[in-house]
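Visitor: Structure, please.
(2 chains)
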Amino acid sequence: MTQSAHLAELGGLRRRRWTGDLIFRLILSALTLGITGVLGVMMIESFVSASPVYQKFGIIGFITGVTWAPSFTVYGAWAFIYGTLLTSLLALLIAVPISVLIALLLTELAPARLRGPLGIAVDLLAAVPSVVYGLWGLLVLVPALRPLEQAIAATLGRVIPFFGPPTPGSSYFAAGVILAVMIVPIVSAVTREVFASTPRLQREAVLALGGTRWDVARTVTLPIGRAGLLAAVVLGLGRAIGETIAVTLVIGNSDNIGRSIFSPGFTLASVIANEFNEATETLHPEALIALGTVLLVVSVIVNAAAIGIRNRFTGGARSGF
Amino acid sequence: MASEAPLAFVPTSASRRLKANLFVVLAAIALILALIPLVAVFGYVFVNGIRSLLSLDFLIQDPPADLSATGGGVRNALIGTLEMTGLASIIAVPIGLGVAIFAVEVGGGLARAARFLIDVLAGLPSIVVGIFVYATVVVSQGHFSGLAGSLALAIVMLPVVTVSAEEILRLTPRPIAEGARALGLARWRAVLSVFVPIGLSGIVTGVLLGVSRAIGETAPLIFTSLGNNFFTVDLNQPMQALPLLIYRNALNSAYASARDRAFGAALLLILIVFGFNLVGRWLTARRRLAGSPR
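Guide: Residues are numbered from 1 along each chain as shown, chains lettered A, B, ... in the order given. Sure, this is the predicted structure:
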């Protein structure tokens, strides 16, 4: 073959490659643009559906309103925001210490042969569907917690009304406990990753100096993993805020702000799930969608915070070591 | 000095040994505390659900119109779950894979915007996803439908699929990427016949984890597929799903029959979800083993 024929062939090859890549790029761009557009439209459309409620009560008025009375067309979100905050914080209070200890156990203490299976067992906790936790929570956990609730109400509750009666079983407290069970896997998984990435040299240095495993955890793993731990906690908070069905089944479902932690209530997510299919009053569906937009904004903020902390953490670790 | 790590640790002081031992004990207690619910939930659901599940009628009959009546099965919910999750996968997998390839191979502002949206989506409560689909699809269609349910599940799956596919594609070994270029492969050719096949087991893991998440979702279906007491495969009709059936029967758990049905369906759902989850993990573990010598 002559040289010019070679060159001509190469030119044809290049052109074919170029067209192929162009088509490939166009298809991918269209796909990405399409999905971005669809998701964007869905978010905007949700806010549009909720707008009559925001117009009637004002954004601040809707969020801080304490009365939720569909039959009088009065909608305020505060009772549900309160329920969401209370149950999520209670869940964190229970779940974070347990998760940190599990992460330390699986990175520092457990025999290497056990780490894999134990890790998978904890991860499987995260795979159990929410509705199954709810079913179990309703039929097993709530009755099991009632004696504990009554005991606390009879002692501590005499002094502090927040721990006082009523103690029907289904309550903010029960919701917080089931949420704790549900967020332990995610918090401990992220924490485990953070702890596992602490520099080996420093750990071994502490051991070589005669330190115990606890000394390693205290002087190396925990201080270095602090930021990552914070990210894990915030991520767990995000999960707890949005969890719906399990909470709906155990929180007792009341539109009012419960005075005691043992009284029934609602979270943002659970009131939407519980009332949506029966929402026939004026503006009732719109008000529930408005609650959904509050939930949307809150979880975007919480998750952005978690991602920000994590990025700072990994960026810092890279430059530091 | 007080806050800094000591230069050496006093060898075997009793209090230090005590603290170290206490730490081990506390950690073990924490693990046990966390595993109690797993054992308790699975054990309780197993014991209460296995009897329903062992009879074939449970899988091939529909539930009675009145939840409090005994008998019947969960056929409508099982088929609905499979159909909606299947359609959701058909929608979410190509889109997720496409966005991942776009982000890795092309990049730029559009890729960043799409990835940001998908990161946001990954952290969104699934009930909000249900509201998205309600406000657009259900409102414009004028009725609840299996199609709307599938779309909601697809959106729930999308971030799981995209994030894992992107991670895998970024891990394509450099020598292989360079080899593909050196052979003169066009970019699209390199992606489709080299990079994707190499990462296939990882991508499949992502898909399986996405499916296992979507299949157990209840919240997004409440506003989209609604649930249906009758058997249907028509995506234009409201459609039942296992999580919805469990939820409705749990709400009526004062009736023994509803409780039994809920537990049978819950056991079936757990087995399906764990199945997808464990197969996905097994694929990842196998890849790590195969890849470790390199």
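Visitor: I'd like the next helix or strand past the longest helix along chain B.
Guide: Longest helix in chain B by number of residues (criterion: DSSP state H): helix B:14-54. Sequence order places helix B:57-60 as the next helix or strand after helix B:14-54, per DSSP states H and E.
Visitor: dump the residue contacts of residue 61.
Guide: The chain I'm using is chain A. residue A:76 (CB atoms under 8 Å, 6 or more residues apart in numbering or on different chains). Quick note: C-beta positions are derived from backbone N, CA and C, even for glycine.
Visitor: please go with chain B instead
Guide: By CB under 8 Å, 6+ apart, the neighbours of residue B:61 are B:71-73, B:75.
Visitor: Tell me which entries of the residues you listed lie within helices.
Guide: Those of these lying in helices (DSSP H): residue B:75.
Visitor: Name the member of the contacts of residue B:61 with the most neighbours.
Guide: residue B:73 (22 neighbours; other CB atoms under 10 Å in any protein chain shown).
Visitor: ok, and the closest non-adjacent residue to that residue?
Guide: Nearest residue to residue B:73 in three dimensions, chain neighbours excluded: residue B:61, at 3.7 Å (CB to CB, 6 or more residues apart in numbering or on different chains).
Visitor: ranges for the helices of chain A?
Guide: A:3-57, A:59-64, A:78-104, A:112-127, A:130-136, A:142-159, A:172-196, A:200-208, A:213-216, A:222-224, A:226-242, A:245-250, A:268-275, A:284-320.
Visitor: can these go into JSON lines with extra columns for distance to residue B:277?
Guide: Formatted as JSON lines, these follow (distance: least, CB to CB, whole Å):
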{"stretch": "helix A:3-57", "distance to residue B:277": "26"}
{"stretch": "helix A:59-64", "distance to residue B:277": "38"}
{"stretch": "helix A:78-104", "distance to residue B:277": "19"}
{"stretch": "helix A:112-127", "distance to residue B:277": "5"}
{"stretch": "helix A:130-136", "distance to residue B:277": "14"}
{"stretch": "helix A:142-159", "distance to residue B:277": "27"}
{"stretch": "helix A:172-196", "distance to residue B:277": "12"}
{"stretch": "helix A:200-208", "distance to residue B:277": "31"}
{"stretch": "helix A:213-216", "distance to residue B:277": "31"}
{"stretch": "helix A:222-224", "distance to residue B:277": "31"}
{"stretch": "helix A:226-242", "distance to residue B:277": "17"}
{"stretch": "helix A:245-250", "distance to residue B:277": "18"}
{"stretch": "helix A:268-275", "distance to residue B:277": "24"}
{"stretch": "helix A:284-320", "distance to residue B:277": "23"}
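Visitor: what's near enough to touch the residue in chain A that chain B sits nearest to?
Guide: Using CB to the nearest CB, the closest approach of chain A to chain B is made by residue A:242 at 2.4 Å. Shown in contact with residue A:242 (CB under 8 Å, 6+ apart): A:269, A:295, A:299, B:124-128.
Visitor: residue nearest the centroid of the chain?
Guide: Unless you meant another one, I'm taking chain A. residue A:239 (1.3 Å; CA atoms, centre = their mean).
Visitor: should've been chain B
Guide: residue B:213 (1.5 Å).
Visitor: before we move on, which element is the residue lying closest to that residue once chain neighbours are set aside in?
Guide: Nearest residue to residue B:213, sequence neighbours excluded (CB to CB, 6+ apart): residue B:160, at 5.9 Å. Using DSSP H and E, residue B:160 falls within helix B:146-170.
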